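1. Attaching a predicted model along with its sequence, questions to come.
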Amino acid sequence: QKEVEQNSGPLSVPEGAIASLNCTYSDRGSQSFFWYRQYSGKSPELIMSIYSNGDKEDGRFTAQLNKASQYVSLLIRDSQPSDSATYLCAVTGSGGGADGLTFGKGTHLIIQP
Amino acid sequence: DTGVSQNPRHKITKRGQNVTFRCDPISEHNRLYWYRQTLGQGPEFLTYFQNEAQLEKSRLLSDRFSAERPKGSFSTLEIQRTEQGDSAMYLCASSPAALGFGANVLTFGAGSRLTVL
């Protein structure tokens, strides 16, 4: 049984600060890791993917992966009110993802103007 | 191509009725997934297709649920004898290549919200 754990929040961050979102996963064989953003009433949209240990940066977003600790995080720099949403961590299984992604419950992020 | 399309967007039905949802994936994507999401939860995997073959089904998918993808293009998800616990957002997603990391990059549709009274 694959499990993905996230703090549900809400996580409140002042505008312009760094938001740090964390996720742990149970399947040591997981190979691919994703962060999706979901606005209220909308479907998830992919914002970051990461496949190897270390950091991956894309604009204001940085994903960090530590497979030894089974930990993946997302940093959002210069947080904007439009970043307020639920952030879903998703991982594949040790089979390479043929069985789809396992999602966490999501962290509700609030950026305070 | 405008992305993954789902219909209907909203469905209200009475307990015991059957409902069917349709998903049209991105045309060049050969993998198609169905997920269910309830309030405060992340999406839960239901089933997935590679082309027309249904390759995996979650144990969440009771025998009242059936999914098809007859020609490897659009897919339908039917729920028979609906129960109030079936009320949820049903999300369809598709992904491109059959191999490699790109196979797991899912693009979601807008979802079909089911309310069972």
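-> Alright, I've got the coordinates.
2. residue in chain B nearest to chain A?
-> Taking C-beta to the nearest C-beta as the measure, the point where chain B comes nearest chain A is B:G42, at 3.3 Å. For every residue, glycine as well, the C-beta is placed using N, CA and C.
3. Count residues in the vicinity of that residue, would you?
-> For B:G42, the tally of surrounding residues (other C-beta atoms under 10 Å in any protein chain shown) stands at 22.
4. Show me what the residue nearest to A:N7 when sequence neighbours are not counted is bridged to.
-> The shortest distance from A:N7 to any residue that is not its chain neighbour, by C-beta to C-beta, 6 or more residues apart in numbering or on different chains, is 5.6 Å, and that residue is A:T107. Here A:T107 sits in beta bridges with A:Y87, going by DSSP bridges.
5. quick one: A:T107 and B:Q50, what's the gap?
-> 31 Å (C-beta to C-beta, to the nearest Å).
6. These two - which one has more neighbours?
-> A:T107 (22 against 17).
7. What segments of the chain are strands?
-> Let's take chain A. For chain A, the strands defined by DSSP state E cover A:4-5, A:11-14, A:19-25, A:33-38, A:45-50, A:54-58, A:61-66, A:71-76, A:85-91, A:102-103, A:107-112.
8. look at chain B instead
-> For chain B, the strands defined by DSSP E cover B:5-7, B:10-13, B:19-24, B:31-37, B:44-50, B:53-57, B:65-68, B:75-79, B:88-95, B:107-108, B:112-116.
9. can you tell me if the third one touches chain A.
-> The reference is to strand B:19-24. No - for strand B:19-24, no contact with chain A is found by C-beta under 8 Å from any C-beta of the partner chain; the gap never falls below 11.8 Å.
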